[in-house]
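**Student:** Prediction below, plus the sequence it came from.
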Amino acid sequence: MSHSRLTVLAGPTAVGKGTVSTYIRDNYPEVWLSVSATTRSPRAGEEEGVHYYFVSAGEFESLVSDGQMLEWAVVHGRNRYGTLRRTVEEAMSDGRSVLLEIDLQGARQVKETMPDANFVFLAPPSWDEMVRRLVGRGTESVEEQQRRLETAKLELAAESEFDHTVINDDVRGAAAKLVSLMGIEPRED
Ligand code: 5GP
């Protein structure tokens, strides 16, 4: 098992990466969860600096051209999302166990620059369950759901590029498996 200090969690759209990372944020304070920058607008309940740093297209462009992004990607052909290099490097040099929850394109970029990181693929229990979760979330338009499903099909094929797979059948169990891959003792309760 790898105890690399940087762990990258990626997986298909609507597999529940966000739910697992929220659970980890709430239950495993020993994990330092990276807060990404994004050009998308906040959803209800999302807070600046907690869920994302919400930036304009121009601000994002400057972060990229200044070399401040460890990785970045256009996700679902729309908005840009990226990991801020400095915050991650600081957390790593503080000895924290760092977790990036990013899309597959971003994971591939990190693999180029930090091949020793621990790459974990979050897989759905089944395709049908994944579709149900995506549609059930009800926050996206039908057009947007279709776009995300197309992306998800391609993303499912990427599992073999990863060091480990965690199946997201229930959030608590998936979080426990993920943290144990990070060398952290899972909670019993
Ligand atoms: P959402 O808009 O639902 O919050 O996130 C959409 C997608 O963006 C998710 O698949 C999430 O993993 C991905 N994402 C979030 N932050 C980053 C990031 O910093 N870099 C990359 N490459 N993808 C990200």
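**Tutor:** It's in.
**Student:** Name the residues of the chain found near the ligand, please.
**Tutor:** Applying C-beta under 6 Å from any ligand atom, one finds that the chain approaches the ligand through 13, 17-18, 36, 40, 71-73, 75, 81-83, 101-103, 105-106. In this view, the C-beta of every residue, glycine as well, is placed from N, C-alpha and C.
**Student:** just for this protein, where's the confidence low?
**Tutor:** 1-4, 136-137, 189 (pLDDT under 70).
**Student:** Which residue would be the closest one in it to the ligand?
**Tutor:** Relative to the ligand, the nearest point of the chain is residue 106 (2.4 Å; C-beta to the nearest ligand atom).
**Student:** Quick check on that residue: phi, psi?
**Tutor:** Dihedral pair for residue 106: phi -70, psi -40, per degrees, to the nearest 10.
**Student:** before we move on, what about residue 119?
**Tutor:** The phi and psi torsions at residue 119 (degrees, to the nearest 10) take the values phi -100, psi 120.
**Student:** so what's it up against?
**Tutor:** Applying C-beta atoms under 8 Å, 6 or more residues apart in numbering, we find residue 119 in contact with 7, 8, 10, 107, 110, 111, 161, 162, 163, 164.
**Student:** Look up the residues forming beta bridges with it.
**Tutor:** Beta-bridge pairing of residue 119 under DSSP bridges involves residue 8.
**Student:** Looking at this structure, which helix is longest?
**Tutor:** helix 142-156 (DSSP state H).
**Student:** which helices and strands sit right next to that helix?
**Tutor:** With contacts taken as 3 or more C-beta pairs under 8 Å, 6 or more residues apart in numbering; DSSP states H and E, helix 142-156 sits against helix 127-137.
**Student:** next one: the helix it packs on to chain centre, how far?
**Tutor:** The chain centre lies 18 Å from the centre of helix 127-137; the measure is C-alpha atoms, centre = their mean, to the nearest Å.
**Student:** Mind listing residues that contact it?
**Tutor:** Against helix 127-137 from outside (C-beta under 8 Å, 6+ apart): 12, 13, 14, 15, 16, 124, 140, 145, 148, 149, 152, 156.
**Student:** Run a quick neighbour tally on the third one.
**Tutor:** What that stands for is residue 14. Counted with other C-beta atoms under 10 Å, residues neighbouring residue 14 total 24.
**Student:** circling back to that earlier point, buried residues in the longest helix of the chain, which are they?
**Tutor:** For helix 142-156, a neighbour-count test (16 or more other C-beta atoms under 10 Å) marks 145, 147, 148, 149, 151, 152, 155, 156 as buried.
**Student:** got a list of what the fifth one touches?
**Tutor:** By C-beta under 8 Å, 6+ apart, the contact list for residue 151 reads 12, 13, 75, 76.
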